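Chemist: Here's my sequence, what's the structure:
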Amino acid sequence: MAVLVDMALTQPLRVSSWHRPLTWAGNTYLGAGELGQVDATDESVEQPRPLRFSLNGLPSTSISLALSEPVQGRTVSLYVAIFDPATHQVLDASLEWQGLIDTMSTSEDGETGTVFVNAESAGLDLLRAVPVRYTDTDQQRLYPGDRFFEYVTDQAEKTIVWPAASFGRR
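Modeler: This next block holds a predicted model:
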């Protein structure tokens with residue numbers, strides 16, 4: 001078995017926990033072997049937890065590439081692959097975790113470095129409130145062609161003058 005990490009960056013980064021490259025679904029996953037680490041995560045019903053993983057021993061050129069890329073909000077997927085040990089062909093891989101990259105930090109020791117990635121679970125989007133306001137824009141997004149809120153902004157600050165009570169007694 002091997003863990004496959006697929007980060008959807010401008011130049012997709014695909015890494016496996018196997019010591020040599022693996023090919024699955026037409027994509028090649030670089031073999032990170034002992035250089036990579038995925039922290040254990042605790043998925044609970046109340047609060048999905050972030051996933052943290054790291055890649056060690058990367059050359060400085062890869063570190064600079066990681067720092068120049070805007071990564072926040074990019075998709076990251078974790079697969080568990082089962083492969084044939086004789087042929088090293090992936091027989092099947094199942095999606096175990098998917099989310100969005102939150103932060104990416106690095107540390108260097110001169111020649112090599114480490115990239116640390118924090119990613120949020122896709123389940124967090126289900127817990128966030130979606131603001132819906134009483135505006136024409138939101139109404140058109142939900143119900144195209146409905147003109148109910150078309151004049152709300154025009155009437156929001158209008159001063160309405162009611163006649164005096166004596167006017168109704170005449």
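
Chemist: how does this protein divide into domains?
Modeler: 2-127, 136-168 (automatic domain parsing).

Chemist: Strand partners (parallel or antiparallel) of the lengthiest strand in the chain?
Modeler: Secondary structure of the chain per DSSP state E: the longest strand is strand 90-108. Strand 90-108 has the following sheet partners, assigned by DSSP bridges: strand 75-83 (antiparallel), strand 112-121 (antiparallel).

Chemist: how close does the spatially most central residue of the chain sit to residue 48?
Modeler: Taking C-alpha atoms, centre = their mean as the criterion, residue 100 is the residue nearest the geometric centre of the chain, at 1.4 Å. Residue 100 is 11 Å from residue 48, where distance means C-beta to C-beta, to the nearest Å. Yep, even glycine has a C-beta here, placed from its N, CA and C like the rest.

Chemist: Can you check which residues contact both of the two?
Modeler: Shared contacts of residue 100 and residue 48, defined by C-beta atoms under 8 Å, 6 or more residues apart in numbering, are found at residue 120.

Chemist: pLDDT at residue 14, what is it?
Modeler: Per-residue confidence (pLDDT) for residue 14: 85.

Chemist: so how many other residues sit close to it?
Modeler: Neighbours of residue 14 under the rule other C-beta atoms under 10 Å: 19.

Chemist: what residues are up against it?
Modeler: 4-7, 27-30.

Chemist: tell me which residues in the one helix or strand it maps to are buried?
Modeler: Using DSSP states H and E, the element containing residue 14 is strand 13-16. Neighbour-count burial for strand 13-16 flags 13-16 (criterion: 16 or more other C-beta atoms under 10 Å).
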